[in-house]
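Trainee: What would the 3D arrangement of this be:
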Amino acid sequence: MTRPSTSELASFAASLADAARGVIRRYHNFGVNIEAKADESPVTVADRGAERVMRALIEERFPEHGIAGEEYGKLREDAEFVWSLDPIDGTKAFITGSPRFGTLIGLVENGAPVLGVIDMPVLDERWIGGRDYMARMNGSPVEVRACPQLSDAILAATSPAMFEGTEEIYAKLCAGTRYQVYGGDCHNFATLAGGHVDLCVEAGLQDYDFLAVVPVIEAAGGIVTDWEGRRPAPGSTNRICAAGDKRVHDAALKILNG
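Mentor: Predicted coordinates for the structure are as follows:
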């Protein structure tokens with residue numbers, strides 16, 4: 001079978017995001033029942049419906065590809081290509097009416113993230129990028145910004161609560177940066193790719209929380225690793241350090257591993 005081109009895969013990933021948007025927008029701000037999963041995280045009919053439509057499209061277009069989704073698990077996980085799906089990254093934001101939640105769609109080839117979409121259904125922003133595919137937001141090229149030192153950096157994280165057990169290390173990192181902003185979930189990674197923040201540090205993540213963002217940030221000229229400095233891959237980590245400038249990334253890793 002002929003390998004699809006990167007542009008073909010990117011176009012298909014965008015169609016997955018379109019399908020997820022169609023489901024999610026029907027439910028946002030209209031009130032939905034909230035269920036608690038085994039880990040006590042919330043889930044709604046919008047999460048499940050959005051993942052179902054994406055999985056159906058993958059099965060139709062690329063039946064040989066694998067799928068690893070937050071709501072419905074893994075299928076053909078040993079395939080050459082595996083789609084990583086997080087239908088609503090930021091379900092707490094979604095259920096409280098905030099627009100800062102997104103859909104994450106990543107493509108992994110032979111264990112390496114190669115293409116990603118960060119789609120913000122309510123904000124109407126779509127960030128996409130990957131190997132040999134420049135980073136774009138709504139079709140316009142984006143890139144990270146230069147930041148010469150950590151003391152100049154704006155740090156974004158979803159919540160300080162995720163750093164349970166590493167509070168002292170995180171406090172030291174905050175003390176070394178210029179500003180800290182919270183909330184945002186996957187939108188933090190998108191704004192880093194767009195040159196609005198300089199550093200994103202997260203912990204307690206699952207594969208589907210970061211596999212899509214790695215190619216987007218890299219395509220925008222940034223760097224994404226685990227806290228030890230290794231490029232993330234499926235099953236490799238639950239802690240991410242992303243930066244637009246390698247100088248800030250290096251300085252942050254020194255503190256995280258201090």
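Trainee: unless I'm mixing things up, residue 110 is touching residue 80, no?
Mentor: Yes: assessed by Cβ atoms under 8 Å, residue 110 is found in contact with residue 80 at 6.0 Å. C-betas here are computed from N, CA, C, even on glycine.
Trainee: Of these two, give the one with the bigger neighbour count.
Mentor: Neighbours of residue 110 and residue 80, each counted by other Cβ atoms under 10 Å, are more numerous for residue 80; the result is 13 against 10.
Trainee: name the helices or strands packed onto the one helix or strand residue 59 maps to?
Mentor: Residue 59 belongs to helix 45-61 when elements are defined using DSSP states H and E. If you count contacts as 3 or more Cβ pairs under 8 Å, 6 or more residues apart in numbering; DSSP states H and E, helix 45-61 packs onto helix 6-27, strand 66-69, strand 81-89.
Trainee: just so I know, which of these lies nearest residue 256?
Mentor: Among those, the nearest to residue 256 by Cβ to Cβ is strand 81-89 (22.4 Å).
Trainee: after the closest one comes which helix or strand?
Mentor: helix 91-95.
Trainee: wait, isn't residue 70 in contact with residue 84?
Mentor: No: in this structure residue 70 lies outside contact range of residue 84 using Cβ under 8 Å: 9.0 Å.
Trainee: list residues touching both of the two?
Mentor: residue 208 (Cβ atoms under 8 Å, 6 or more residues apart in numbering).
Trainee: related to what we said a few turns ago, can you redo the helices and strands packed on helix 45-61 as JSON lines with distance to residue 221, mean pLDDT and mean neighbour count?
Mentor: JSON lines is the format used below for the helices and strands packed on helix 45-61 (distance: least, Cβ to Cβ, whole Å; pLDDT from 0 to 100; neighbours: other Cβ atoms under 10 Å):
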{"stretch": "helix 6-27", "distance to residue 221": "18", "mean pLDDT": "95", "mean neighbour count": "18"}
{"stretch": "strand 66-69", "distance to residue 221": "27", "mean pLDDT": "98", "mean neighbour count": "21"}
{"stretch": "strand 81-89", "distance to residue 221": "22", "mean pLDDT": "97", "mean neighbour count": "27"}
